[in-house]
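Participant: below: sequence and its predicted model.
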There are 2 protein chains.
Amino acid sequence: MTLRPSHRITQVQSPMIAVVGEMVRRHPGTISLGQGVVHYGSPQAVRDAAAKALADGSAIDRYGLAFGNDALLDAIRAKLVSENGIVVGGDRRVVVTAGSNMGFQSAVLAVGDAGDEIIILSPYYFNHEMAIRIAGCEPVIVATDAEYQPDLAAIAAAISSRTRAIVTISPNNPTGAVYSRESLSATNQLCNERGIYHIHDEAYECFAYSRKHWSPGSSDASKPHTISLFTFSKAFGMAGWRVGYMLIPASLEASIKKIQDTNLICPPMLNQIAATVALSAGSGWYAPRIAEIARVRDLVIEQLRSLGDRIDCPTPQGAFYALARYRSKIAEMSLIERLIAEFGVAVMPGSTFGAPGSLRIAYGALDGKSVAEGMGRLVRGLNALL
Amino acid sequence: MTLRPSHRITQVQSPMIAVVGEMVRRHPGTISLGQGVVHYGSPQAVRDAAAKALADGSAIDRYGLAFGNDALLDAIRAKLVSENGIVVGGDRRVVVTAGSNMGFQSAVLAVGDAGDEIIILSPYYFNHEMAIRIAGCEPVIVATDAEYQPDLAAIAAAISSRTRAIVTISPNNPTGAVYSRESLSATNQLCNERGIYHIHDEAYECFAYSRKHWSPGSSDASKPHTISLFTFSKAFGMAGWRVGYMLIPASLEASIKKIQDTNLICPPMLNQIAATVALSAGSGWYAPRIAEIARVRDLVIEQLRSLGDRIDCPTPQGAFYALARYRSKIAEMSLIERLIAEFGVAVMPGSTFGAPGSLRIAYGALDGKSVAEGMGRLVRGLNALL
C-alpha cells in the first residue's frame, strides 16, 4: 500500500476563498468583494455578556449538552416562532452547531450513505457540494433558470432511487436570488411525495430586499422531512464565534446526536452565552445595519447595469451577493487574477459554484464608500478585460 | 422511498455518556465517576485574556484562517518542541480544531473511503469507533493484552489490503494504560512498512504517572504517516471551550483543509486567544493540579484492591481512568442502574468501549474527598451486587 489521501477527498474541490485571499495578500490595497461576511461586528451587548460570564465564574469550562444549553435553545425556539413562524413541537428538535456549515455536514451524514445522491441547485454553495463528496455521496446538480430560480420540473426529473435529499438556499449564496413561497412549498411537497429530505439553508434569512423571506419549516407538511439551517454569522456579525443551529425532524434526533457527539461533543459554552444575548438584541439591532447593506445593493446593481451587455446579471433580491455571467472567452482564473493585479479588486470565480463564466460579487463586507470604490474598479476592469 | 436515517448512522452506537447522565439526573445525590473531565476550570489568565480581548475590540468577529491563527499556531509549535520533542518543519502542519474529537473525524475522512478499514485497539474510545462508522469505514478491532497493552503481532496480522490506519491512544481512554516508547515506535515502524497511517490520540499526554509519556510524532521516521491529536480540554480544564489541535503530514494539508473549511470554516476566534494564553500558563499551571489527580489515583487503586478477586483491574498508569473487569453474570446495564439507584455512584459500562464485563471508573472530575466517598459507594455496591 502507499500513503495517500482518500479517494473521496481527492474529488473535493479546494476552498477557493483561500486561493483568492492569497492573491489579495500579494497585492496590497486590493478591495475584496470576495468573502461572504458583513461589514459590522457583533453587538456590544454580546461582548459585554461574554465578559460578564468570564468575570462571574459562569460554568463555561465543562462540557454542556450535545444539542446546546437550555437558555440558548429556549431563545432560539422563541425566535423561530416570532421571526420564522415555526413552532417547535415534540416532533422536531433544535440543535446548536459550531456554524451552519457543520449543520449541513451533519445532515448529509445522517441521511446519506456512500453512493447516495443529494440534489443541489446550480449555481451552488461550494461547501454544500464539498460536504456531499466528503460524506461519500454524489452531488446531483440541477440548474436553476435564467433568473436563478428553481426549476421544479427539472428537480423532480433528477430524483432517482438513490436520492436522499434536495438542498435549497434562500436567500441564495451565490446568486442573491430569493425563492418564492410557492417554489419552497412545492419542494416540500415533492419531498413529501417522494420520501426524501429537504435541507434548507437560510443563513441569509434576514437579508431579503425585494421579496419576503419564507421559511419552509413553517409549513406543517414540512415537519417529517425538512431540515432547516440557521446561523449567527451573518445578521449578527458573529462569523468568528462559530455558532449556528439546525431544526430537524425528531426522527433524526438520535442520528444527529451521534454525529454531534463524535464531531464537536457540545457547542462551545461561552459562545452559546454570546449567541443567547445576540437573540435578545434581535432584529432591532441588525435591521438598521441590513438597511445599509440594502442601499449598497442598489449601488451594486446600478454599477453592474453600466456594463450593459458585457454581463448578464439577474437582479439580486437578497443575501449580499450578485452573480454576473460574462460574455468573453478569457480564462476564468486569468480574469480573476488580472482584476486583482491590474485593477485592485477581488471577486470569486463562478466555477467554484458550478457556474463557470460567472463572477460572484460579495458586497456585505465593506461600507458603502469602499464598495463604491471597489465596484468602480470592477466596472473599469471588466470594461477593459472582457 | 421512505424517510429514514442513513445505514451508516444506524450502525453507530448511541453516546452512552448521555444515557448514564440521564440516570444520574433521575437520582439526585449520585456521585458520578462517569464523564472524562477534570475537577478544575480554566486558568484565571485565560479568562482575563478573553475578557481583555472582548474589551479592547480584538478582531474576533470575522473568520480567521482555516487552520488557526498565527499566534496560536506559533505557541503550539513552541509547545510541541519543548513538551513533546516534536519539531514542526516544512514536512508537517499544525491544525487547530474545535476539540480533538473533530481532529479524529477529519483524519478518518481524509484517509478512508467507504468500506476501508481502520484498526482500533480494544477496549477502544467510543467516539473513535463512532467516527469510523460515520465516515462509512469499518472499524477492525484488535484486542490489547491482559494489561491493556498493544499486541503488535495481532495488529500486524489484522492489516488487510483495505487497511488505511492504525489508531492508538496513550495515555489511554478507557483503560488508563500508558504505552511504552517501544510499542509506539513499533507501531510507527509497522505503518511505515505497510504504507498506512498511524493516528495517535494524546489528549491525556500530561496525565502519565508510573510511565513517562512519549509522543510517536517525535520520531523522524513518523513524519510521513503519523497524525497526532492533542487537546486543551484535559490539562487546562477547558473542555467547554472546544479547542484542540492536530499535527499532520504536509501531504494531507490540502485534504484536511477541505474538511475543515466544510465543517468548521475556522476555529472560533476568541477561543483561540484563550488557548494561546493557556499555553503561556503551561505546565507550571497544570502540574500541581495533575499531582492532585495522581494522589486520587492511588486512592482509587487502593479501593479497587479491597474488592479482591471480584474484579480484575490492571493498575492504571495514566489518564484518569481505570477499567475493571468483573466476574459476574449480572447484565451490564442492570449493574450500572443498580449502582446508581441503590448505591448512589455512576460508572460507565464497558460495552460502550467494546469491553463488555468491565466498568470504566473516571476519577478526574471530583476532588479527593468526593472520589473517596464515590469509591466507597462503588466498593460497597460491587461487594453487594457481584
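Facilitator: Here it is on my side, so go on.
Participant: contact partners of the lowest-mean-pLDDT helix or strand in chain A?
Facilitator: Least confident helix or strand, chain A: helix A:16-26 with a mean of 91, by mean pLDDT, DSSP states H and E. For helix A:16-26, the external contacting residues (Cβ atoms under 8 Å, 6 or more residues apart in numbering or on different chains) are A:30, A:32, A:34-35, A:126, A:336-337, A:340-341, A:346, A:348-349, A:352, B:66, B:257, B:261. Quick note: C-beta positions are derived from backbone N, CA and C, even for glycine.
Participant: after that helix, which helix or strand is next?
Facilitator: strand A:31-32 (DSSP states H and E).
Participant: Produce a ChimeraX select command limited to the buried residues of the contacts of helix A:16-26.
Facilitator: For the buried members of these, the matching ChimeraX selection, counting by 16 or more other Cβ atoms under 10 Å in any protein chain shown, is:
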select /A:30,32,34,35,126,336,337,340,346,348,349,352 /B:66,257,261
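Participant: kindly report the residues of the stretch 51-200 of chain A close to chain B.
Facilitator: Within the stretch 51-200 of chain A, the residues that sit near chain B (Cβ under 8 Å from any Cβ of the partner chain) are A:51, A:54-55, A:59-64, A:66, A:98-99, A:101-102, A:105, A:109-116, A:127, A:130-131, A:134-136, A:161, A:163-164, A:194-197.
Participant: ok, now with 7 Å
Facilitator: Residues of the stretch 51-200 of chain A lying near chain B by Cβ under 7 Å from any Cβ of the partner chain: A:51, A:54-55, A:60-64, A:66, A:98-99, A:101-102, A:105, A:109-114, A:127, A:130-131, A:134, A:136, A:194-197.
Participant: in helices only, show me the residues you listed.
Facilitator: Among those, the members found in helices (DSSP state H) are A:51, A:54-55, A:101-102, A:105, A:109-111, A:127, A:130-131, A:134, A:194.
Participant: between those, which sits nearest residue A:144?
Facilitator: Closest to residue A:144 out of these is residue A:127 (18.0 Å), distances taken as Cβ to Cβ.
Participant: re earlier: with neighbour count and pLDDT as extra columns, can I get the ones in helices among the residues of the stretch 51-200 of chain A next to chain B in a markdown table?
Facilitator: Listed next are those as a markdown table, based on neighbours: other Cβ atoms under 10 Å in any protein chain shown; pLDDT from 0 to 100:
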| residue | neighbour count | pLDDT |
| --- | --- | --- |
| A:51 | 18 | 95 |
| A:54 | 25 | 95 |
| A:55 | 11 | 92 |
| A:101 | 26 | 98 |
| A:102 | 29 | 98 |
| A:105 | 27 | 98 |
| A:109 | 30 | 98 |
| A:110 | 27 | 98 |
| A:111 | 26 | 98 |
| A:127 | 23 | 98 |
| A:130 | 27 | 98 |
| A:131 | 30 | 98 |
| A:134 | 26 | 98 |
| A:194 | 15 | 97 |
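Participant: now the two most distant members of these.
Facilitator: Comparing every pair within those by Cβ to Cβ identifies A:55 and A:194 as the most remote, at 53.4 Å.
Participant: got the domain ranges for chain A?
Facilitator: What automatic domain parsing lists as the domains of chain A is A:7-42+A:284-385, A:60-282.
Participant: please identify the most buried of these.
Facilitator: Of all those, domain A:60-282 has the most neighbours on average by mean count of other Cβ atoms under 10 Å in any protein chain shown, namely a mean of 22.
Participant: and that one, how far out from the chain middle?
Facilitator: Mean C-alpha position of domain A:60-282 versus that of the full chain (Cα atoms, centre = their mean, to the nearest Å) differs by 9 Å.
Participant: pLDDT score assigned to residue A:2?
Facilitator: Predicted confidence (pLDDT) for residue A:2: 83.
Participant: distance of it from residue B:111?
Facilitator: Residue A:2 sits 12 Å away from residue B:111, going by Cβ to Cβ, to the nearest Å.
Participant: would you confirm that residue A:265 contacts residue B:101?
Facilitator: Yes: assessed by Cβ atoms under 7 Å, residue A:265 is found in contact with residue B:101 at 5.8 Å.
Participant: backbone phi and psi for residue A:79, please?
Facilitator: The phi/psi pair for residue A:79 (degrees, to the nearest 10) reads phi -60, psi -40.
Participant: repeat for residue A:245
Facilitator: Backbone torsions for residue A:245, taken as degrees, to the nearest 10, come to phi -150, psi 160.
Participant: list the contacts of it.
Facilitator: Shown in contact with residue A:245 (Cβ atoms under 7 Å, 6 or more residues apart in numbering or on different chains): A:76, A:94-97, A:230.
Participant: who's in contact with stretch A:74-91?
Facilitator: A:94, A:215, A:217-218, A:223, A:245, A:247, A:249-250, A:276, A:279, A:283.
Participant: where are the low-confidence patches of the stretch 201-350 of chain A?
Facilitator: Low-confidence segments of the stretch 201-350 of chain A (pLDDT under 70): none present.
Participant: so how far is the first residue of stretch A:322-331 from its last?
Facilitator: End-to-end distance for stretch A:322-331, by Cα to Cα, to the nearest Å: 20 Å.
Participant: ok, and what's touching that stretch?
Facilitator: Under the contact criterion Cβ under 7 Å, 6+ apart, stretch A:322-331 has outside partners A:123, A:148, A:174-176, A:300, A:304, A:310-313, A:316, A:350, A:355, A:357-361, A:382, A:385-386.
Participant: just checking, what packs against the top helix by length along chain A?
Facilitator: Across chain A, the longest stretch assigned as helix under DSSP H is helix A:269-305. In terms of contacts (3 or more Cβ pairs under 7 Å, 6 or more residues apart in numbering or on different chains; DSSP states H and E), helix A:269-305 is packed against helix A:44-55, helix A:70-84, strand A:321-326, helix A:368-385.
Participant: what strands flank the helix or strand hosting residue A:165, and is each parallel or antiparallel?
Facilitator: Using DSSP H and E, residue A:165 sits within strand A:163-169. Strand pairing for strand A:163-169, using DSSP bridges, gives strand A:117-122 (parallel), strand A:197-201 (parallel).
Participant: what does the longest one contact?
Facilitator: Residues outside strand A:117-122 that contact it (Cβ under 7 Å, 6+ apart): A:108, A:112, A:128-129, A:132, A:137-144, A:150, A:155, A:158, A:160, A:162-168, A:354-355.
Participant: please apply the same query to the last one.
Facilitator: Judged by Cβ under 7 Å, 6+ apart, the contacts made with strand A:197-201 from elsewhere in the structure are A:100, A:104, A:107, A:111, A:164-169, A:187-188, A:191, A:216-217, A:222, A:225-229, B:3.
Participant: quick one: it to helix A:126-134, angle?
Facilitator: 140 degrees (axes from the mean of the first three to the mean of the last three Cα atoms, to 10 degrees).
Participant: I'd like the next helix or strand past strand A:197-201.
Facilitator: strand A:226-231.
Participant: between helix A:70-84 and that next one, find me the angle.
Facilitator: Using the same axes, to 10 degrees: strand A:226-231 against helix A:70-84 is 110 degrees.
Participant: other SSEs contacting strand A:226-231?
Facilitator: Counting by 3+ Cβ pairs under 7 Å, 6+ apart, the packing neighbours recorded for strand A:226-231 are helix A:100-111, strand A:197-201, strand A:244-249.
Participant: nearest to residue B:45 among the ones in helices among the residues of the stretch 51-200 of chain A next to chain B?
Facilitator: Nearest to residue B:45 among these: residue A:54, at 11.6 Å, using Cβ to Cβ.
Participant: so who does that closest one touch?
Facilitator: For residue A:54, the contacting residues are B:47, B:50-51, by Cβ under 7 Å, 6+ apart.
Participant: go again with 10 Å.
Facilitator: Counting by Cβ atoms under 10 Å, 6 or more residues apart in numbering or on different chains, residue A:54 touches A:60, A:270, A:273, B:42, B:44, B:46-54, B:270, B:274.
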